[in-house]
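K.L.:
here's a sequence, model it:
(one chain, ligands or ions: 2)
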Amino acid sequence: MAACIPPGSTAQVKAIPCNIRKEDEVKNLMSSVVSEFGRLDFLVNNGGGQFQSPVSMLSLKGWNAVVDTNLNGTFLCLREAYNAWMAENGGAVVNIILLISKGRPGIAHSAAARAGIDNLSKSLAVEWASNGIRINNVAPGSIYSVTAAENYKDIGDVFRHAIPFTPAKRNGTTEEVSAAVTFLLSPAAAFITGETIKVDGGWDLYQVPWEIPEHDRMPAYNWEKIIEEEDKPKAKL
Ligand SMILES: CCCCCCC/C=C/C(=O)SCCNC(=O)CCNC(=O)[C@H](O)C(C)(C)COP(=O)(O)OP(=O)(O)OC[C@H]1O[C@@H](n2cnc3c(N)ncnc32)[C@H](O)[C@@H]1OP(=O)(O)O
Ligand SMILES: NC(=O)C1=CN([C@@H]2O[C@H](COP(=O)(O)OP(=O)(O)OC[C@H]3O[C@@H](n4cnc5c(N)ncnc54)[C@H](OP(=O)(O)O)[C@@H]3O)[C@@H](O)[C@H]2O)C=CC1
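P.N.:
Ligands and ions are numbered 1, 2, ... in the order given. I've put the predicted structure just below:
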């Protein structure tokens, strides 16, 4: 990133390692930014992820790992950015979530955690309005990056699989997500808070990529049959 800074710019880049699941590391991250740079105007909660699993196969440990990273990690970063700077000085926050309006079969743990973030943002848009803090979410569709593809390589090409489900008929780019993030952080979004912008090429309006096997396990309601069953003599113990 440092190499991208144009000559003559006063911009600086510094990486501070932080596991967002660790409260002390998050506290250190936010206080170091304020002590080193003198301010903390923006927070982008981008760290996150999941593994694919049906809920029936999920261990509690796996569920907790995903919720801890995505929901608890975001909570800690929000609270510590508020305490370290934004409560007194205002700021703008963007949380990266998932498309969740139709649930996310296959990654339900992550969808539940991101839905928690979506709702948390709505609460904080109101709780923190008088501190001058705006908070919004970006929900990406299928966005190709080498690192994300590497994470899923064992379960096939999830990014190719997503194309037929995306009305734009392609994957999004990381730049297209960044464009929405920078807009929400900028003064151009001064009247937008508690909102979620989808960057998904239309995915969320289209089909859910989940095949439901043929079955007859959800028969219609039939009150006559229910009464018939109830009237049958009960077996004596
Ligand atoms: C339909 C496919 C998905 C398409 C999604 C497309 C849209 C979304 C794209 C993205 O989000 S791109 C981001 C890509 N990057 C990531 O997703 C990063 C993923 N990794 C992590 O965030 C973390 O590793 C984790 C998943 C939160 C796990 O945290 P941690 O490393 O602390 O836990 P572990 O100790 O490794 O595991 C704990 C527990 O979790 C279960 N588990 C972990 N990985 C898997 C796995 N690949 N498959 C099944 N289960 C897994 C497991 O129970 C682990 O316990 P143990 O069995 O190891 O005792
Ligand atoms: N790519 C896509 O299609 C989509 C992505 N997203 C979300 O966008 C965000 C960025 O993902 P993307 O760039 O695609 O994939 P990456 O895997 O490249 O990015 C995930 C990032 O999260 C960081 N991270 C994970 N756990 C922690 C933690 N405990 N503490 C600090 N950082 C952590 C990783 O850090 P490190 O590299 O150090 O492990 C990594 O930089 C994620 O939240 C992802 O779920 C949402 C929808 C679709």
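
K.L.:
and the longest helix seen in the chain, what's buried?
P.N.:
Counting by DSSP state H, the longest helix found in the chain is helix 108-127. Buried residues in helix 108-127, counted by 16 or more other C-beta atoms under 10 Å: 108-118, 120-121, 124-125. Heads up, the C-betas are built off the backbone N, CA and C, glycines and all.

K.L.:
now swap in stretch 222-237 and tell me
P.N.:
Buried-residue list, stretch 222-237, by 16+ other C-beta under 10 Å: empty.

K.L.:
re earlier: after the longest helix of the chain comes which helix or strand?
P.N.:
Proceeding N to C from helix 108-127, the next assigned helix or strand is strand 133-140, under DSSP states H and E.

K.L.:
so does that next one get close to ligand 1?
P.N.:
No. Applying C-beta under 6 Å from any ligand atom, one finds strand 133-140 separated from ligand 1 by no less than 7.5 Å.

K.L.:
what does that strand rub up against?
P.N.:
With contacts defined as C-beta atoms under 8 Å, 6 or more residues apart in numbering, strand 133-140 is touched by 78, 82, 86, 90-100, 114, 117-118, 121, 124-125, 128, 172, 177, 180-181, 184, 189-190, 192-200, 204.

K.L.:
follow-up on the earlier one: the longest helix of the chain: how far from the chain's middle?
P.N.:
8 Å (C-alpha atoms, centre = their mean, to the nearest Å).

K.L.:
who touches that helix?
P.N.:
So helix 108-127 is contacted by 45, 48-50, 53, 55, 58, 62-63, 66-67, 69-71, 74-75, 78, 93, 95, 97-98, 100, 103-104, 133-137, 139, 193-194, 196 (C-beta under 8 Å, 6+ apart).

K.L.:
out of those residues, which end up buried?
P.N.:
Buried by 16+ other C-beta under 10 Å: 45, 48, 50, 53, 63, 66-67, 69-71, 74-75, 78, 93, 95, 97-98, 100, 104, 133-137, 139, 193-194, 196, out of those.

K.L.:
now intersect the residues you listed with the strands, please.
P.N.:
Among these, the members found in strands (DSSP state E) are Asn45, Val93, Asn95, Ile133, Arg134, Ile135, Asn136, Asn137, Ala139, Thr196.

K.L.:
give the contact list for the last one.
P.N.:
Which is Thr196. Thr196 touches Ile97, Asp118, Ser121, Asn136, Asn137, Val138, Ala139, counting by C-beta under 8 Å, 6+ apart.

K.L.:
of these, just say which sits nearest to Glu228.
P.N.:
Minimum distance to Glu228 across those is 45.8 Å, recorded for Asp118 (C-beta to C-beta).

K.L.:
and the residue lying closest to Phe42 once chain neighbours are set aside, what does it touch?
P.N.:
Closest residue to Phe42 apart from its sequence neighbours, by C-beta to C-beta, 6 or more residues apart in numbering: Leu185 at 5.0 Å. By C-beta under 8 Å, 6+ apart, the contact set of Leu185 is Phe42, Val44, Ala92, Val94.

K.L.:
for these, which one is nearest Arg217?
P.N.:
Among these, Val94 lies closest to Arg217 (C-beta to C-beta), at 41.9 Å.

K.L.:
which residues does that closest one form a beta bridge with?
P.N.:
Counting by DSSP bridges, Val94 forms beta bridges with Val44, Asn136.
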